[in-house]
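Engineer: Attaching a predicted model along with its sequence, questions to come.
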Amino acid sequence: MSASPEYVPPKVWTWKKPNGGHFASINRPVSGPTHDKELPVGRHPLQLYSLATPNGQKVTILLEELLAQGQQGAEYDAWLIRIGDGDQFGSGFVQVNPNSKIPALMDRSGPQPIRVFESGAILLYLAEKFSAFLPKDPAQRAECLSWLFWQMGSAPYLGGGFGHFYAYAPTKIEYAIDRFAMETKRQLDVLDKRLADNEYIAGSDYTIADIAIFPWYGALVKGQVYGAGEFLSVQDYTHLQRWADAVNARPAVRRGRMVNRVNGDLANQLHERHDASDFDTRTQDKLQASGA
């Protein structure tokens, strides 16, 4: 990697559009809607507006886990939000999440709709609503929530930091890649050491902490994001590898990762989910084969 010329910040920063990079079209320095567009509403109590990024997968995995438990109140409609097309800047979406980020949830099961945004907040809301995947013992609950919030605070270093500069930035900057690779490996080491003595992240039980962490760090060590497995020597984190395999083997996890997915194998893409049978009838390969 060649050294970049020294950058001297101006006295006042201004937005240079487009700013380059893989996700340039989704970033801007102001909030609020860019256009009027109402959100669709399906027949289920829970309405999810999302995309199968790691943050989006957290919520669909939890919903599928709840349904696997027999929690019929967890039935949901998952509507695809194409962030590359700016769907998150539509007026309806901004009403649900003023931060214009996926995922966003509307719970219409009560007398008044309740909006929930930020993936960690959605996980906690649903876990409390259904009394599932969140320990009741105060010490165990605290451990679970500590790891949930660890993930929320740590993942930006992985995604917005390492992932951006390693895989998506228009130029390779050695300092930035080294800085965030070091932090990513430190986080992997934190998880690996935790899992050396614990079956799951929060202890002996599978919880929302595992559901939050897996789409980011489990996918990373299994070579499913950024193509950085060799670069980060992910095979060295043996306890984390064991945990990632165990979580990935859960049927609800496999289903949840398919919902709102628009890339990869067509058989693993279910753009929208409105019924449990959609996994059998409406994956993109089946729709393509039928000409739908």
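Structural biologist: Thanks, I have the structure now.
Engineer: For the stretch 151-292 of the chain, just list every one of the helices.
Structural biologist: Along the stretch 151-292 of the chain, counting by DSSP state H, counting those that start in this stretch, helices occupy 174-196, 208-213, 219-221, 229-232, 238-248, 251-258, 278-281, 284-290.
Engineer: Please identify which of the ones you listed is closest to Pro156.
Structural biologist: Closest to Pro156 of those is helix 174-196 (Cβ to Cβ; 10.0 Å). Just so you know, the C-beta spots here come from the backbone N, C-alpha and C atoms, and that holds for glycine as well.
Engineer: Does anything pack onto the closest one? Which helices or strands?
Structural biologist: With contacts taken as 3 or more Cβ pairs under 8 Å, 6 or more residues apart in numbering; DSSP states H and E, helix 174-196 sits against helix 219-221, helix 229-232, helix 238-248.
Engineer: what comes up buried for that helix?
Structural biologist: Under the neighbour-count criterion of 16 or more other Cβ atoms under 10 Å, helix 174-196 has Ala176, Ile177, Phe180, Ala181, Thr184, Lys185, Gln187, Leu188, Leu191, Asp192, Arg194, Leu195 buried.
Engineer: what residues does that helix touch?
Structural biologist: With contact meaning Cβ atoms under 8 Å, 6 or more residues apart in numbering, helix 174-196 is reached by 1, 3, 154, 157-158, 161-162, 165-166, 169, 201, 213, 217, 220-221, 231-234, 237-240, 242-243.
Engineer: Now the buried members of those residues.
Structural biologist: Buried among the contacts of helix 174-196 by 16+ other Cβ under 10 Å: 154, 157-158, 161-162, 165-166, 169, 201, 213, 217, 220-221, 232, 234, 237, 240, 243.
Engineer: tell me the helices in the stretch 1-150 of the chain, going along the chain?
Structural biologist: According to DSSP H, counting those that start in this stretch, the helices that the stretch 1-150 of the chain contains are 54-68, 91-96, 119-130, 138-156.
Engineer: out of those helices, deepest packed?
Structural biologist: Ranked by mean neighbour count, those are led by helix 54-68 with a mean of 25 (mean count of other Cβ atoms under 10 Å).
Engineer: ok and it relative to helix 119-130, angle-wise?
Structural biologist: For helix 54-68 against helix 119-130, the angle by axes from the mean of the first three to the mean of the last three Cα atoms, to 10 degrees is 10 degrees.
Engineer: Now do the same contact list for Ala52.
Structural biologist: Thr60, Arg257, Met258, Val259, Asn260, Arg261, Val262.
Engineer: I'd like the buried residues of helix 174-196 as a markdown table, with distance to Val8 appended.
Structural biologist: As requested, those are exported to a markdown table (distance: Cβ to Cβ, whole Å):
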| residue | distance to Val8 |
| --- | --- |
| Ala176 | 17 |
| Ile177 | 22 |
| Phe180 | 23 |
| Ala181 | 26 |
| Thr184 | 29 |
| Lys185 | 31 |
| Gln187 | 32 |
| Leu188 | 35 |
| Leu191 | 39 |
| Asp192 | 40 |
| Arg194 | 42 |
| Leu195 | 45 |
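Engineer: which one of those residues is nearest Phe93?
Structural biologist: Using Cβ to Cβ, the buried residues of helix 174-196 come closest to Phe93 at Phe180, 29.3 Å.
Engineer: and the gap between that closest one and Gln187?
Structural biologist: Taking Cβ to Cβ, to the nearest Å as the measure, Phe180 falls 10 Å from Gln187.
Engineer: Touching, Met258 and Gln269? I think so.
Structural biologist: Yes. Contact criterion Cβ atoms under 8 Å: Met258 and Gln269 qualify, at 6.7 Å.
Engineer: Name the residues contacting each of those two.
Structural biologist: Common contact partners of Met258 and Gln269 (Cβ under 8 Å, 6+ apart): Thr283.
Engineer: Show me which of those two is the more surrounded one.
Structural biologist: The neighbour comparison of Met258 against Gln269 (other Cβ atoms under 10 Å) goes to Met258, with 23 against 20.
Engineer: Which residue is the nearest non-sequential neighbour of Leu266?
Structural biologist: Excluding the flanking residues, the one nearest Leu266 by Cβ to Cβ, 6 or more residues apart in numbering is Asp285, at 3.9 Å.
Engineer: No further questions, thank you.
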